[in-house]
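K.L.:
here's my sequence, what's the structure:
(2 chains)
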Amino acid sequence: DVKVTQSSRYLVKRTGEKVFLECVQDMDHENMFWYRQDPGLGLRLIYFSYDVKMKEKGDIPEGYSVSREKKERFSLILESASTNQTSMYLCASSLRDKATYEQYFGPGTRLTVT
Amino acid sequence: ELKVEQNPLFLSMQEGKNYTIYCNYSTTSDRLYWYRQDPGKSLESLFVLLSNGAVKQEGRLMASLDTKARLSTLHITAAVHDLSATYFCAGSVLPKLVFGQGTRLTINP
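P.N.:
Model prediction:
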């Protein structure tokens, strides 16, 4: 059974703080993804990674960076948190070579920036 | 650029009724996915549709794909309260998924 875990379910940070969101998957998936979810907008892709130390920008990368030093771990970094980054953040992973490329999601981190 | 639109965005229905959620996408998509999200929870995969004419069924839910019309549907048969959730469709430009806005489905007794 695929398991994707995220370091925090709820997080409250102040404007200007540096924020780290961690994601770990235990199924040896090559691809990992970070999304943010906002009401009425669905999920929007921030960054993804298809291998260790590799990263690609998604649709809304501004204000974010990522790190993938190990295959199982993908971190999302908010360099200087702002109130418009208050959102639900979801991590996902998928196998590269499986026909479906199905993504498996973590439980999410609800981040509030005050 | 792939865009995905769902309708309706909100749906309130009674138990026992049938209904359909529509998912339109703008350009070629490698796959079409349906996910379910319960309040406060993460996304759970329901169906992956790989080719034109694909139909998949699980219980009271049935998903289909028409690649020529760029349309996928999620049909709910004889709805029960347990199916209340938000449903997302997503197209793909592999390995990325592009999600629709979601359809919040409420099923009333």
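
K.L.:
which SS state does the residue nearest the centre of chain A fall under?
P.N.:
Taking Cα atoms, centre = their mean, the centroid of chain A lies closest to A:W34, which sits 2.7 Å from it. Put simply, A:W34 is strand when judged by DSSP: H, G, I helix; E, B strand; the rest coil.

K.L.:
for the residue in chain B sticking out farthest from the centre, what are its contacts?
P.N.:
Distance from the C-alpha centroid of chain B, by Cα atoms, centre = their mean, peaks at B:P109 (22.3 Å). Applying Cβ atoms under 8 Å, 6 or more residues apart in numbering or on different chains to B:P109 gives the contacts B:14-15, B:81. (Glycine included, C-beta is placed from N, CA and C.)

K.L.:
give me the nearest residue to B:G100, chain neighbours excluded.
P.N.:
B:Q6 (3.8 Å; Cβ to Cβ, 6 or more residues apart in numbering or on different chains).

K.L.:
per-residue confidence for the one you found?
P.N.:
B:Q6 carries a pLDDT value of 96.

K.L.:
show me what it is bridged to.
P.N.:
B:C23 (DSSP bridges).

K.L.:
residues near it, how many?
P.N.:
Number of residues near B:Q6 (other Cβ atoms under 10 Å in any protein chain shown) recorded here: 22.

K.L.:
list the contacts of it.
P.N.:
B:Q6 touches B:21-24, B:87-89, B:100-103, counting by Cβ under 8 Å, 6+ apart.

K.L.:
tell me which parts of chain B are close to chain A?
P.N.:
Within chain B, the positions near chain A by Cβ under 8 Å from any Cβ of the partner chain are B:4, B:9, B:30-31, B:33, B:35, B:41-45, B:48, B:50, B:88, B:90, B:92, B:94-102.

K.L.:
show me which of the residues you listed are buried.
P.N.:
B:4, B:31, B:33, B:35, B:42-43, B:45, B:48, B:88, B:90, B:92, B:95-102 (16 or more other Cβ atoms under 10 Å in any protein chain shown).

K.L.:
among those residues, which lie within strands?
P.N.:
B:4, B:33, B:35, B:43, B:45, B:48, B:88, B:90, B:92, B:96-99 (DSSP state E).
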